[in-house]
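next one to model:
(chains A, B, C and D)
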Protein chains: 2
Amino acid sequence: MKSVTMEDVARAAGVSRALVSLAYRNAPGVSVKTRERIFRTGRELNYQPNRIAASLASKSQTSIGVFLSDLHNDLFADIFDGLRQGLGDESRHLVLAVGSIDGQRDNAALDTLVQSRVDLIVAAGLLLADHDLATYTSTTPLVSTARVVPGADNVFTNNLSGARQATEHLIGLGHQRIVFLANPRSDGYLERGMGYRQAMGEAGLETWEIASSYARHEAEADIGAVLRSSHRPTAVFAHNDRSALGVLDAARHYGLSVPEDLSVVGYDNSSASRLPGLELTTVDIHARQLGELSAHAALTRLAEPTDALQSISIDPTLLVRGTSSHPATGRK
Amino acid sequence: MKSVTMEDVARAAGVSRALVSLAYRNAPGVSVKTRERIFRTGRELNYQPNRIAASLASKSQTSIGVFLSDLHNDLFADIFDGLRQGLGDESRHLVLAVGSIDGQRDNAALDTLVQSRVDLIVAAGLLLADHDLATYTSTTPLVSTARVVPGADNVFTNNLSGARQATEHLIGLGHQRIVFLANPRSDGYLERGMGYRQAMGEAGLETWEIASSYARHEAEADIGAVLRSSHRPTAVFAHNDRSALGVLDAARHYGLSVPEDLSVVGYDNSSASRLPGLELTTVDIHARQLGELSAHAALTRLAEPTDALQSISIDPTLLVRGTSSHPATGRK
DNA sequence: AGTTAATACTAGAGCGCTCTAGATTTGCGG
DNA sequence: CCGCAAATCTAGAGCGCTCTAGTATTAACT
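Residues are numbered from 1 along each chain as shown, chains lettered A, B, ... in the order given. You can find the predicted model right below:
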């Protein structure tokens, strides 16, 4: 399947290859008449410029690599939307790479981007250790979203603040036995845990943390044992919506009604949390805005490669919905 | 930012460029000793092969383009997972392009893939008209998932069967006034409507169709008016889960309880439909399997470019969950 | 018309790799 | 130690484009 090249178009239009190149890049220096003729013959031959060749030949083709951790999490979809919007016209040269929920594919995905010689990588939801990322940041500028990576421009959410807001909300409602459901594999869990601990400490309450895994089913099992105990918690603050849904499931399974018997607060404001019938109280990390700001950071970095590294933090917002209320009574 | 080239590695290792190339491609013809030396110096120099140059130079670099319509719909995430699994090792050369929910970006996304000279495109959720797609199928083999495209290998779900199953389920429960909530912009809506009509016709029931839009909120508004009418339907079959959730919302808004006052059946078995607290009765299209079969179709096509076009259909499965029951009574 | 200054166009080198065809080395039976 | 095939390695021509440095053409103004 031989494809049409620039050479073919040039010959057919009776001009040089270089001129066709200029025309297709909308560069100046081509007369209107010739430009039209070139496009016409291009269309006739069904010519599609070869991007591969173009980016090999040119040094200035700025392409941006986007790493997304997991397509199942619509948070990343939001970030991606924001990114694309913030990038505007630049978004035509995006190269996507998708990792996997366990982080196993992150390395391969980043390699792909580096090997595709993207000028910059915007990464959302990286699970790799800082140390492993150093290899990449030394080669290609990195804009990290929703996680702070040394050596990269960072656009992140203030997890500490979000976790405090969530915990203080529960404390304010009168809860005392508040469990924090953590996941050592998840982004930002450390800071969220810290925010939880701070808020609990300031209120003179004892912390109670349970480690859980990323998957909903496992989170459900992990929390199940706790919910069955006689001195069970009256509220659970989950490190993200996904595991909060697991808690909801577990509660239902053990006959606890939410929020009457148990208050549940999630984190992320994922689309699932917004669903009718769930109305999960959660913390909105403003994912779309995160993406947009990442775009700006990326554009700035490309324009000024030597500028100092930036870190932008966005304050998350607590969204009180239906799964949190006063303990025992069920009153809002 | 000058990057390390194969030339650099060759010089440092004291061999020819060609040999480095062979080594990095794990090709035979390189002695074990030399191979090791090459990799060692490669690592020392932090060499990353330039994929762009590689694919320009080689004719046989098979890369596969993947078009995904919309990252917010986790159906596509499932398809993608299946695809990646089915592709196995081949999945290292995936090039992703993402459209948009309104289909506006589909053209641009496909152009990107063609311009990246992918050897084949696997497309999930295309909204473009057949006619617009002809341009692409003439250049690059296309495997279409979840939609039948002329001139492409197709892996699709039997929408007719799925819609019949859903409708017959409702009829079997005793419903008579069953609304089909359609969306003229959505994939497969035509066939789903047809399945609905067939099932209704065979049962001697009158059809009742309402056009809706893709977004949940609008679907909610569209269905609202119908639900308020005195002679309202006892069941709604929505063309997909997304709009089914809108129906659920509308029902709640107008004080109808589901499934007691209104049965609702969706389509897709999206992750949202599986959530605790929703338990939407829906039709499972087996998205993951769709992806896997697409992978096989792609591999077959790449191996045998001249074989006749294939069409594989998967029968969807009705999943009866909590939102459907006998009319008026609420008994299952 | 004659000079200058734009404007329009072209030749050819090169981006970093792959691949073909040929050169060199190695292994091994006699 | 020779001969010859197999194993190992290399030179150099592209892949389809961009970009620099230049040539040809037209416009602009004395």
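
give me the number of residues near A:Pro316?
Number of residues near A:Pro316 (other C-beta atoms under 10 Å in any protein chain shown) recorded here: 24. From N, CA and C alone the C-beta is placed, and that goes for glycine too.

typo on my end, it should be A:His131
8.

now do the phi/psi pair for A:Gly65.
phi -90, psi 140 (degrees, to the nearest 10).

kindly confirm whether my reading is correct that it touches A:Val122.
Yes - the pair A:Gly65 / A:Val122 is scored as a contact, 7.1 Å apart, by C-beta atoms under 8 Å.

tell me which residue in the stretch 101-250 of chain A sits closest to DNA strand C.
Closest to DNA strand C within the stretch 101-250 of chain A is A:Arg117: 7.9 Å, counting by C-beta to the nearest atom of the strand.

equivalent analysis for the stretch 201-332 of chain A, please.
For the stretch 201-332 of chain A, C-beta to the nearest atom of the strand, closest residue to DNA strand C: A:Pro305, 17.2 Å.

same check on the stretch 51-200 of chain A?
A:Ala57 (3.5 Å).

in a strand, the residue of the stretch 101-250 of chain A closest to DNA strand C, correct?
No - secondary structure assignment (DSSP: H, G, I helix; E, B strand; the rest coil) places A:Arg117 in coil, not in a strand.

what's the closest non-adjacent residue to it?
The shortest distance from A:Arg117 to any non-neighbouring residue, by C-beta to C-beta, 6 or more residues apart in numbering or on different chains, is to B:Ile52 (5.6 Å).

can you check A:His72 too?
B:Ala77 (4.5 Å).

just the buried residues of stretch A:221-230, please?
A:Asp222, A:Ile223, A:Gly224, A:Val226, A:Leu227 (16 or more other C-beta atoms under 10 Å in any protein chain shown).

what's the burial count for A:Val143?
A:Val143, neighbours per other C-beta under 10 Å, totals 30.

check contacts around A:Val50.
No, residue A:50 isn't Val; it's Asn. Contact partners of A:Asn50, counting by C-beta atoms under 8 Å, 6 or more residues apart in numbering or on different chains, are A:Ser3, A:Thr5, A:Met6, B:Leu56, B:Gln115, B:Arg117.

just those: which has the poorest pLDDT?
Checked by pLDDT, the contacts of A:Asn50 have A:Ser3 as the lowest-scoring entry (84).

and that residue, that's in a strand?
No - going by three-state DSSP, the assignment for A:Ser3 is coil, not a strand.

is it true that it touches B:Asp119?
No - applying C-beta under 8 Å, one finds A:Ser3 not in contact with B:Asp119, separated by 11.1 Å.

looking at these two, which one has more neighbours?
Taking other C-beta under 10 Å, A:Ser3 and B:Asp119 do not tie; B:Asp119 has more neighbours (20 against 13).

can I assume that one is in contact with B:Ala303?
No - with contacts counted by C-beta under 8 Å, B:Asp119 stays clear of B:Ala303, the gap being 11.2 Å.

got the domain boundaries for chain A?
A:6-57, A:64-158+A:287-314, A:159-285 (automatic domain parsing).

residues making contact with stretch A:292-308?
In contact with stretch A:292-308 (C-beta under 8 Å, 6+ apart) are residues A:62, A:64, A:79, A:82-87, A:90, A:119-120, A:122, A:124, A:141, A:143, A:145, A:153, A:155, A:310, A:312, A:314, B:1.

equivalent analysis for stretch A:126-133, please.
Counting by C-beta under 8 Å, 6+ apart, A:67, A:69, A:99, A:102-103, A:106-107, A:110, A:142, A:144, A:147, A:149-152, A:185, A:187 sit against stretch A:126-133.

just the buried residues of those residues.
A:Phe67, A:Ser69, A:Gly99, A:Gly103, A:Asp106, A:Leu110, A:Leu142, A:Ser144, A:Arg147, A:Val149, A:Ala152, A:Asp187.

and these as TSV, adding pLDDT, distance to DNA strand D and secondary structure?
Listed next are those as TSV, based on pLDDT from 0 to 100; distance: C-beta to the nearest atom of the strand, whole Å; DSSP: H, G, I helix; E, B strand; the rest coil:
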residue	pLDDT	distance to DNA strand D	secondary structure
A:Phe67	97	26	strand
A:Ser69	93	33	coil
A:Gly99	93	30	coil
A:Gly103	89	35	coil
A:Asp106	94	30	helix
A:Leu110	95	25	helix
A:Leu142	96	24	strand
A:Ser144	96	29	strand
A:Arg147	85	34	coil
A:Val149	93	30	coil
A:Ala152	96	27	coil
A:Asp187	67	37	coil
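
tell me the one among those nearest to B:Glu44.
Within the buried ones among the contacts of stretch A:126-133, the smallest distance to B:Glu44 is 20.2 Å, found for A:Leu110 (C-beta to C-beta).

hang on, isn't the closest one packed against A:Val122?
No - applying C-beta under 8 Å as the test, A:Leu110 and A:Val122 come out as separate, 11.6 Å apart.

okay, and the common contacts of these two?
Shared contacts of A:Leu110 and A:Val122 (C-beta under 8 Å, 6+ apart): A:Phe67.

quick one, strands of chain A?
Taking DSSP state E as the criterion, chain A contains strands spanning A:64-68, A:94-98, A:120-124, A:142-145, A:153-157, A:178-182, A:209-211, A:235-238, A:263-265, A:282-284, A:311-314, A:317-319.

winner for burial among those strands?
Highest mean neighbour count among these (mean count of other C-beta atoms under 10 Å in any protein chain shown): strand A:235-238, with a mean of 30.

got the CA positions of stretch A:284-291 in CSV?
What follows is stretch A:284-291, C-alpha atoms only, in CSV (Å, rounded to 0.1, in the frame of the first residue of the first chain):
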residue,chain,number,x,y,z
ASP,A,284,-14.1,18.0,44.6
ILE,A,285,-10.5,18.2,43.4
HIS,A,286,-11.5,20.3,40.3
ALA,A,287,-10.0,17.8,37.9
ARG,A,288,-10.9,19.8,34.8
GLN,A,289,-9.2,22.9,36.2
LEU,A,290,-6.2,20.8,37.1
GLY,A,291,-6.0,19.8,33.4
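
which residue ranges form the helices in the stretch 101-250 of chain A?
For the stretch 101-250 of chain A, the helices defined by DSSP state H, counting those that start in this stretch cover A:106-115, A:130-139, A:159-172, A:189-202, A:216-228, A:241-253.

any idea which of these gets closest to A:Pro276?
helix A:241-253 (14.1 Å).

avg pLDDT for that closest one?
Mean predicted confidence for helix A:241-253 is 87.

what about the nearest residue to A:Arg192 once chain neighbours are set aside, how many neighbours?
Of all residues not flanking A:Arg192 in the chain, A:Ala163 sits nearest, at 4.1 Å (C-beta to C-beta, 6+ apart). Close neighbours of A:Ala163, defined as other C-beta under 10 Å, add up to 28.

and the gap between A:Ala163 and A:Phe180?
A:Ala163 is 8 Å from A:Phe180, where distance means C-beta to C-beta, to the nearest Å.

can you pull the residues that touch both of these two?
Common contacts of A:Ala163 and A:Phe180 (C-beta under 8 Å, 6+ apart): A:Arg192, A:Gly193, A:Tyr196, A:Phe237.

so does stretch A:90-97 get close to DNA strand D?
No - judged by C-beta under 7 Å from any atom of the strand, stretch A:90-97 stays clear of DNA strand D, getting no closer than 12.0 Å.

residues contacting that stretch, please?
Contacts of stretch A:90-97 (C-beta under 8 Å, 6+ apart): A:61-68, A:83-84, A:87, A:109-110, A:112-113, A:116, A:118, A:299, B:95-98, B:108, B:112.

how about stretch A:103-119?
Contacts of stretch A:103-119 (C-beta under 8 Å, 6+ apart): A:55, A:62-65, A:67, A:69, A:95, A:97-100, A:121, A:123, A:126-128, A:132, A:136, A:139-141, A:185, A:302, B:3, B:48-52, B:92.
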